[in-house]
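**Student:** Here is my input; please provide its structure:
(one chain, ligands or ions: 1)
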Amino acid sequence: MTDFEALKNAVIKGKRNDVAAIVQAAVDNNEDVNEILDKGMIPAMREIGDRFSRNEAYVPELLIAARAMQSGLSIIEPLIIKSGRKSKGKVAIGTVKGDLHDIGKNLVAIMIKGAGYDVIDLGVNCDLAKFDEGVAQGAQVVACSSLLTTTMPFMRDVVAHFKGRGTRVIIGGAPVTQAYCDEIGADGYSEDANGAVKLLDKMLK
Ligand code: B1M
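**Tutor:** Modelled structure (predicted):
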């Protein structure tokens, strides 16, 4: 059984080899991937963020924690994504303009891929032209991620850009709320990656 506290500490301290070893052992042991994420890895990112708020951690610490998180995610990703499935639809996902946070966006992308959608990952710092590229490649839904209160307002521009053009826009990220979604007229909001799957299933059924 995985020691979630050890996994959490390894992510916080940025020990990516330790993270990879613990996650690999859990996977080899057939443990629940969602538990590894929800009890070990995601709380670690929350904790490092809180330390950052209290000036007990700085950007370099955030960066090495993020790198450690990615090393664990890359082991989990192939398990979540099933092959040989029939596509349920196409989604273009990106972190909005001015924002470089991609861990949550990557997690959402992995989960929706795993649920049977084709995903076009547009990366970070996406302007309107970048979201247009996703739609040009056939995306029916544009999913926007934002982690900063300063970049969140760009979601309003994305919604306005696609209004009346048949492309739906869904939004998420730590500062984003259902109230904000309603305010800017986005087609949907979800708090987390599993919620994004449910939202798409409802929207594209
Ligand atoms: Co930054 N950062 N950061 N950071 N960072 C936050 C977001 C912050 C809350 C930390 C804090 O102050 N406590 C704060 C924002 C404050 C605010 O705006 N109110 C902050 C800041 C201030 C900054 C800088 C400005 C710091 C600086 O330079 N002075 C800077 C900005 C850079 C930029 O983007 N232009 C910055 C930089 C960075 C790093 C580059 C060092 C690094 C990111 C590395 C990377 O992503 N590759 C980083 C990190 C790691 C964080 C924290 C610690 C962790 C984020 C994370 O990965 N969480 C974060 C603190 C925190 O979140 N508590 C923080 C784990 C991830 C799984 O969760 O991303 O929330 P999350 O995604 C969730 C949901 O939100 C949702 O599902 C995901 C999975 O459940 N979701 C969606 C996300 N996108 C979705 C899209 C959807 C649906 C759901 O579409 C439908």
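**Student:** Can you get me a residue count around residue 45?
**Tutor:** Residue 45: 20 surrounding residues under other C-beta atoms under 10 Å. Placement of C-beta: from N, CA and C, glycine included.
**Student:** did I read that right, it in a helix?
**Tutor:** Yes - applying DSSP: H, G, I helix; E, B strand; the rest coil, one finds residue 45 inside a helix.
**Student:** got the contact list for it?
**Tutor:** 11, 65, 66, 69, 103 (C-beta atoms under 8 Å, 6 or more residues apart in numbering).
**Student:** Does the longest helix that the chain contains reach the ligand?
**Tutor:** The longest helix of the chain (DSSP state H) is helix 59-80. Yes - interface with the ligand: helix 59-80 contributes 59, 62, 63, 66 (C-beta under 6 Å from any ligand atom).
**Student:** Give me the buried entries from those residues.
**Tutor:** Applying 16 or more other C-beta atoms under 10 Å to the residues of helix 59-80 next to the ligand, the neighbour count classes 62, 66 as buried.
**Student:** wait, which of the residues of helix 59-80 next to the ligand is closest to residue 4?
**Tutor:** Closest to residue 4 out of the residues of helix 59-80 next to the ligand is residue 66 (19.0 Å), distances taken as C-beta to C-beta.
**Student:** Around the closest residue to the closest one other than its chain neighbours, count how many other residues there are.
**Tutor:** Leaving aside its sequence neighbours, residue 66 sits nearest to residue 103 (C-beta to C-beta, 6 or more residues apart in numbering; 5.9 Å). Other residues lying near residue 103 total 18 when counted by other C-beta under 10 Å.
**Student:** residue contacts, residue 103?
**Tutor:** Per C-beta under 8 Å, 6+ apart, neighbours of residue 103: 45, 66, 69, 70, 73.
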